[in-house]
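Asker: Mind folding the following:
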Amino acid sequence: MLKNLLLVAALGSAAAFTGCESMQTSPHMTENLQLLQNKTWIATQIGGTAIKTAPNARNIPSIQFDEASKRVSGSDGCNRIMGAYTAGNDTLLLSQLASTRMACINNGNIDQKYNEALSKVTHYQVFGKTLKLLDRHGNLLIQFESAVQPR
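Answerer: Numbers count the residues shown, from 1 in each chain. Model (predicted):
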């Protein structure tokens with residue numbers, strides 16, 4: 001009976017240590033987070049619609065993910081946005097999003113479409129200079145290009 005108890009305890013300990021080891025941050029996860037964070041992303045597409053903005057435009061839809069504070073900020077094409085985020089290997093949760101409330105005219109409702117898309121984000125993909133924010137089904141919500149070359 002004592003042998004069975006020791007065997008069960010040993011197997012349970014081994015399973016617990018194995019489970020803890022697998023929860024460590026993988027190099028791939030760290031790489032994805034490094035590609036996502038600490039740069040400005042300029043929106044180029046919302047859903048299936050391309051966004052055309054002049055390079056000298058004042059309020060281009062954009063987003064930044066600050067690694068140190070875990071805060072997100074940017075513009076919806078009219079108003080400033082800010083909030084918090086939590087990111088995993090390919091998951092992204094935006095929370096406590098708030099924005100200024102300026103009147104926006106002649107912007108084709110880009111601000112409304114952008115904010116609606118942000119509210120559905122659950123995942124992300126980064127490939128070089130391109131960031132894709134996706135919904136829980138993997139559908140493209142917003143596509144961005146990096147304003148600065150990745151290091």
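Asker: The residue sitting nearest the centre point of the chain pairs with what?
Answerer: Closest residue to the average C-alpha location of the chain: residue 92 at 4.3 Å, with Cα atoms, centre = their mean. With DSSP bridges as the criterion, residue 92 is bridged to residue 87.
Asker: separation between it and residue 106?
Answerer: For residue 92, the distance to residue 106 (Cβ to Cβ, to the nearest Å) stands at 31 Å. Placement of C-beta: from N, CA and C, glycine included.
Asker: Please apply the same query to residue 142.
Answerer: Going from residue 142 to residue 106 by Cβ to Cβ gives 21 Å.
Asker: neighbour-wise, which of these two wins?
Answerer: Neighbour count, other Cβ atoms under 10 Å: between residue 142 and residue 106, residue 142 has more, with 24 against 4.
Asker: Tell me what the more buried one is bridged to.
Answerer: Per DSSP bridges, the residues bridged to residue 142 are residue 46, residue 133.
Asker: Surely it is in contact with residue 115?
Answerer: No: using Cβ atoms under 8 Å, residue 142 is not in contact with residue 115; the gap is 10.4 Å.
Asker: if we can go back for a sec, the residue nearest to the centre of the chain reaches residue 121, doesn't it?
Answerer: Yes: judged on Cβ under 8 Å, residue 92 makes contact with residue 121 at a distance of 5.7 Å.
Asker: element containing residue 114?
Answerer: Per DSSP states H and E: residue 114 is located in helix 110-118.
Asker: Show me what that helix is packed up against.
Answerer: strand 40-46, strand 92-99, strand 140-146 (3 or more Cβ pairs under 8 Å, 6 or more residues apart in numbering; DSSP states H and E).
Asker: Please name the bridge partners of residue 127.
Answerer: residue 130.
Asker: That one and residue 58, how far apart?
Answerer: 29 Å.
Asker: just residue 65 next, same as before
Answerer: Taken as Cβ to Cβ, the span from residue 65 to residue 58 is 22 Å.
Asker: returning to what we had before: can you tell me which residues contact the residue nearest to the centre of the chain?
Answerer: 36, 85-86, 121-124, 133 (Cβ atoms under 8 Å, 6 or more residues apart in numbering).
Asker: model confidence over stretch 63-75, on average?
Answerer: The predicted model assigns stretch 63-75 a mean pLDDT of 96.
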